[in-house]
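> here is my input, please return the structure:
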Amino acid sequence: MLVDDTGVVVAANVAAGRLAQTDADRLVGRRLDAVLVEDTQAAMPIAMAKPADQGSEVMCRIGVGRFSRPVACAVTPDVDEGLHLVALQHADDADADARAHLLAAAVDSSHDAVFTVDADGAITAVSARAAEAVGYTPRWLQGRPVAELVVEGCRAEFTRLVEAAASGHDVFQHDTKVVDHGGAVLEVTVNMAPLRLRPGGNIVGVSVIVQDITARKMLERRLRDHAERDPLTEIYNRRRLARELYRAVRLAQRHSQHEGALLLFDVDDFKRVNDTLGHAAGDDVLRTLARVVGRCLRDTDVLARLGGDEFAVVIGDADAAAAQAVAAKVLQATRECLSPWKVTVSLGVAHFTGAGEEAPDRIMAAADRAMYRAKAAGGDAVSGA
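All right, here's what the predicted structure looks like:
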């Protein structure tokens, strides 16, 4: 609206009339303070009295009685000789704009990466953090399938979850991996939700919130590995051995072509080493034994120290003859490496095929009995179950 020095409206557009709940033509010729609700009338003359080089914004109410509505009035004095420009905006609209800007700022400053995608999974919007995390510009990301950022082996599952969110389902804490611009793999957890422009409205896309959990996953792996390692020899401990034996037995039970074996061995007369040479020498024997036996095994075999001077090896995908060959190789290697301490080892071998009621504890007991038969025969030997 244009208002003269006396506060009379000399021009008004349709939007001004709509806010005042009347025709724009009916505003012309009326005093502006007559259009405003009584308790806000005093604000406008003060705003119009400011110098010409200073704009002013005041909050008023316009309309009739309980049907009045809040408006933000931006006053620009003296836009023309004796005329002042009064721009009106519904306060709810102004608040909505402010909230939208505030929300956008919060999204961009979030430590999580935020994407919006359409029903086909194509990226429609990207937060500043999202672009920074994957190392691409928002312009490059725009329109590309969001699944392209996911490592190839995880894409099918990720795409299925995007489709689920686009059909109205929430997706919580889906762990997956993405690849950044430099080729580095990031471990992330993803939350997805249907995107609606208003409550109860049609789904127009999916919000995808991505949190980088690479550091946390690395820490978890280190802690898990530490919990499953023997601190003296740095090989696996009894806990990990039990898990690997269970896995090997289950594999043999599911697939008839898979067999395996458990080797159990300890040092003959180990107590003499500790008693005569000291515990430091005993520790050297154990570390040497772990190192040398490890060299005799395949990458898929699992060596563990069960406690004291007792060790075990889970040999996967090996028949009885192959298991005996590994045991013979280990025995020969230990003869050479333990000769400085004048000790040997006794080995027991328990082969399993997954047939019958072969349980991990029974296999362990069978290998233990075989080892003690070798020890009873004088040690430095291999005995089968």
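> for residue 14, give me its contacts.
Going by Cβ atoms under 8 Å, 6 or more residues apart in numbering, residue 14 touches residue 24. Heads up, the C-betas are built off the backbone N, CA and C, glycines and all.
> what does the one 3 residues further on give?
Applying Cβ under 8 Å, 6+ apart, one finds that residue 17 lies in contact with 23-27.
> could you dump those to a markdown table with distance to residue 301 and pLDDT?
As requested, the contacts of residue 17 are arranged in a markdown table below (distance: Cβ to Cβ, whole Å; pLDDT from 0 to 100):
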| residue | distance to residue 301 | pLDDT |
| --- | --- | --- |
| 23 | 90 | 84 |
| 24 | 88 | 84 |
| 25 | 93 | 87 |
| 26 | 93 | 86 |
| 27 | 90 | 86 |
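> ok, those vs residue 376, which is closest?
Of all the contacts of residue 17, residue 376 sits closest to residue 24, with 110.0 Å by Cβ to Cβ.
> what's the ChimeraX line that selects buried ones from the contacts of residue 17?
Here is the ChimeraX selection string for the buried members of the contacts of residue 17, based on 16 or more other Cβ atoms under 10 Å:
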select :24,27
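> which of the contacts of residue 17 lies closest to residue 259?
Closest to residue 259, out of all of the contacts of residue 17 and judged by Cβ to Cβ, is residue 24, at 90.9 Å.
> need phi/psi at that closest one.
phi -60, psi -40 (degrees, to the nearest 10).
> next up, the contacts around it.
Residue 24 sits next to 12-14, 16-17 when contact means Cβ under 8 Å, 6+ apart.
> which of those residues fall in strands?
Nothing among those maps onto strands, per DSSP state E.
> columns distance to residue 225 and pLDDT on top of those residues, output as a markdown table?
Converted to a markdown table, the contacts of residue 24 look like this (distance: Cβ to Cβ, whole Å; pLDDT from 0 to 100):
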| residue | distance to residue 225 | pLDDT |
| --- | --- | --- |
| 12 | 75 | 88 |
| 13 | 71 | 88 |
| 14 | 71 | 85 |
| 16 | 71 | 83 |
| 17 | 73 | 82 |
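> in helices, which of these fall?
Counting by DSSP state H, the contacts of residue 24 place 14, 16-17 in helices.
> in TSV: those, plus distance to residue 169.
Shown next, in TSV, are the ones in helices among the contacts of residue 24 (distance: Cβ to Cβ, whole Å):
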residue	distance to residue 169
14	44
16	46
17	46
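> with just CA atoms, put stretch 367-385 into CSV.
Taking C-alpha atoms only, stretch 367-385 is exported to CSV below (Å, rounded to 0.1, in the frame of the first residue of the first chain):
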residue,chain,number,x,y,z
ALA,A,367,41.1,-84.3,20.5
ASP,A,368,42.1,-84.0,24.1
ARG,A,369,42.0,-87.8,24.5
ALA,A,370,44.1,-88.3,21.4
MET,A,371,46.7,-85.8,22.7
TYR,A,372,47.0,-87.6,26.0
ARG,A,373,47.5,-90.9,24.2
ALA,A,374,50.4,-89.3,22.3
LYS,A,375,51.8,-88.0,25.6
ALA,A,376,51.3,-91.4,27.3
ALA,A,377,53.3,-93.0,24.4
GLY,A,378,56.3,-90.8,25.4
GLY,A,379,55.4,-87.5,23.7
ASP,A,380,56.8,-85.9,20.6
ALA,A,381,54.1,-87.7,18.6
VAL,A,382,50.7,-87.3,16.9
SER,A,383,47.7,-89.4,17.7
GLY,A,384,44.3,-89.5,16.0
ALA,A,385,41.0,-89.7,17.7
